[in-house]
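Engineer: below is the structure, and that's it, no one-letter string:
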């Protein structure tokens, strides 16, 4: 008979060690921080060793806790991989991709027909928690905009995000120089207030500018630009299809890096799954095309 540790406590401890605290671990495991704390405390009592120093300003792994955390990661990855392997035979291979809602609508979903035509045997599920939700073990992978730092996860760069103003062809006819934007309504994105000032500074446009409506997401700002509300700050790859179709135009050639990048985010053990291997090759090929031609095609 195996003398196994308290497995709920093991899972709680591993998540808390990886995130550096009980709150983030609780989000990941969909329980409360006090529940995580209790499970870790019970694990420590049953093992007879302290795993964390509980400081006033947070948690700190003990030497034993550090060793235990390091050893647990490959064991839990192997368990997840084994579970995925034995359950894969129960039905068609399933791929669950988590993306932000704008990326899903403006790039991934329009291209699903292409992926399905190549791989009709794979059952694709799209979720839209994006970077606002903790990474879930139920997801095969995620596509997120960030700096590449997701603790405990593999983050593979796909493509850089570039910013450029976009508008309807009718509005573009009035724009000969960046300073002409001072007469237009500049559509803003609530969570990216730095976009317009950075681009205008790069364009050396010093005139006073009239900012227009502030919207919650890039997708909403792009739709407002399509409807002729004003000039939006577009981000690639969100605007590439509209630019290619002529629904939007970029009135100025200047585009600037946003300072972050699109990443394919996943657990290391997912690379052993055939469905993810297929998707990995497909999305990497798409990203490589974007790097070569300036847009996801």
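Structural biologist: Perfect, I can see it now. In this text, all values refer to a predicted model and were calculated from it rather than measured experimentally. Residues are numbered from 1 along each chain as shown.
Engineer: wait, isn't residue 237 in contact with residue 107?
Structural biologist: Yes - here residue 237 reaches residue 107: they are 5.1 Å apart, a contact under CB atoms under 8 Å. Where you see a C-beta, it was placed from the backbone N, CA and C, and this is true even at glycine.
Engineer: who has more neighbours, those two?
Structural biologist: residue 237 (23 against 20; other CB atoms under 10 Å).
Engineer: tell me the buried residues in the helix ranked longest in the chain?
Structural biologist: Counting residues, the longest helix in the chain under DSSP state H turns out to be helix 63-88. Using 16 or more other CB atoms under 10 Å as the test for burial, helix 63-88 gives 65, 68, 69, 72, 76, 77, 80, 81, 84.
Engineer: nearest to residue 140 among the residues you listed?
Structural biologist: Within these, the smallest distance to residue 140 is 8.9 Å, found for residue 84 (CB to CB).
Engineer: any idea which helix or strand carries residue 187?
Structural biologist: strand 186-189 (DSSP states H and E).
Engineer: ok, residue 229 to residue 237 distance?
Structural biologist: Distance, residue 229 to residue 237, by CB to CB, to the nearest Å: 22 Å.
Engineer: average pLDDT across the helix or strand just after the longest helix of the chain?
Structural biologist: As assigned by DSSP H and E, the chain's next helix or strand after helix 63-88 is strand 94-99. In this model, strand 94-99 has a mean pLDDT of 89.
Engineer: what about residue 286, distance to residue 246?
Structural biologist: From residue 286 to residue 246 the distance is 22 Å (CB to CB).
Engineer: so these two - more neighbours on which side?
Structural biologist: More crowded of residue 286 and residue 246, by other CB under 10 Å: residue 286, with 19 against 9.
Engineer: break down the stretch 51-200 of the chain into its strands, ranges please.
Structural biologist: Using DSSP state E, counting those that start in this stretch, the strands of the stretch 51-200 of the chain run over residues 52-55, 58-61, 94-99, 123-127, 141-146, 154-166, 186-189.
Engineer: and the ones you listed as a markdown table, adding distance to residue 44 and mean neighbour count?
Structural biologist: A markdown table is the format used below for the strands of the stretch 51-200 of the chain (distance: least, CB to CB, whole Å; neighbours: other CB atoms under 10 Å):
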| stretch | distance to residue 44 | mean neighbour count |
| --- | --- | --- |
| strand 52-55 | 8 | 13 |
| strand 58-61 | 12 | 15 |
| strand 94-99 | 33 | 21 |
| strand 123-127 | 35 | 14 |
| strand 141-146 | 32 | 22 |
| strand 154-166 | 30 | 19 |
| strand 186-189 | 45 | 22 |
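Engineer: using TSV, lay out those together with distance to residue 195.
Structural biologist: Shown next, in TSV, are the strands of the stretch 51-200 of the chain (distance: least, CB to CB, whole Å):
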stretch	distance to residue 195
strand 52-55	38
strand 58-61	33
strand 94-99	20
strand 123-127	26
strand 141-146	13
strand 154-166	6
strand 186-189	7
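Engineer: minimum distance to residue 271: which of these has it?
Structural biologist: Across the strands of the stretch 51-200 of the chain, closest to residue 271 is strand 154-166 (CB to CB), at 8.0 Å.
Engineer: looking only at pLDDT, what's the mean for the closest one?
Structural biologist: Rounded mean pLDDT across strand 154-166 is 92.
Engineer: how far away from the center of its chain is it?
Structural biologist: Centroid displacement of strand 154-166 relative to its chain, using CA atoms, centre = their mean, to the nearest Å, is 11 Å.
Engineer: what is that strand packed up against?
Structural biologist: Judged by 3 or more CB pairs under 8 Å, 6 or more residues apart in numbering; DSSP states H and E, strand 154-166 is in contact with strand 141-146, helix 195-202, strand 231-235, strand 256-266, helix 274-293.
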